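Asks: Need the 3D shape of this:
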Amino acid sequence: MPKLGMQPIRRRQLIDATLDAINEVGMHDATIAQIARRAGVSTGIISHYFKDKNGLLEATMRDITSQLRDAVLNRLHALRTAAPASVCRRLSAATLMRRRSAARR
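Replies: Next up is the predicted model:
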């Protein structure tokens, strides 16, 4: 009988291990066995939570896009609540950096 509350922990563990494996060997060369070994679980656990490698990759991509969405929304919120002068300074600095970068090319 599975321990209660383990599903989110295991899923996070497996997604993190997937990202590590992809970072090291690439998506096509990352195997279920490598991912399971990195997570410290059996390969059967991956099948239990994600069905197969494609399911695990899909969950990993959803996790990445969710983190990206949250980061963008947080940044937009910070810009909306910042003082107008602060926003202008940041935009000016970004424009200047872009011009300098273009001039170097």
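Asks: In which helix or strand does the residue most central in space within the chain reside?
Replies: Nearest residue to the geometric centre of the chain (CA atoms, centre = their mean): I64, 3.1 Å. In this assignment (DSSP states H and E), I64 forms part of helix 53-81.
Asks: got a list of contacts for the helix or strand bottoming out on mean pLDDT in the chain?
Replies: Averaged element by element with mean pLDDT, DSSP states H and E, the chain has its least confident helix or strand at helix 84-104 (a mean of 75). Outside of helix 84-104, the residues within contact range by CB atoms under 8 Å, 6 or more residues apart in numbering are 79, 82. (Each C-beta comes from the backbone N, C-alpha and C, glycine too.)
Asks: Quick one: distance of that helix to the chain centre.
Replies: On the basis of CA atoms, centre = their mean, to the nearest Å, the separation between the geometric centre of helix 84-104 and that of its chain is 28 Å.
Asks: what's the answer for stretch 52-72, then?
Replies: Distance of stretch 52-72 from the chain centroid (CA atoms, centre = their mean) equals 6 Å.
Asks: The least confident helix or strand of the chain relative to helix 53-81, how many degrees between them?
Replies: Using axes from the mean of the first three to the mean of the last three CA atoms, to 10 degrees, one finds that helix 84-104 and helix 53-81 are set 120 degrees apart in direction.
Asks: where does the chain dip in pLDDT?
Replies: Of all residues in the chain, those with pLDDT under 70 make up the ranges 1-2, 83, 85, 105.
Asks: before we move on, back to that, pull out the buried residues from the helix holding I64.
Replies: Using 16 or more other CB atoms under 10 Å as the test for burial, helix 53-81 gives 53, 56-57, 59-60, 63.
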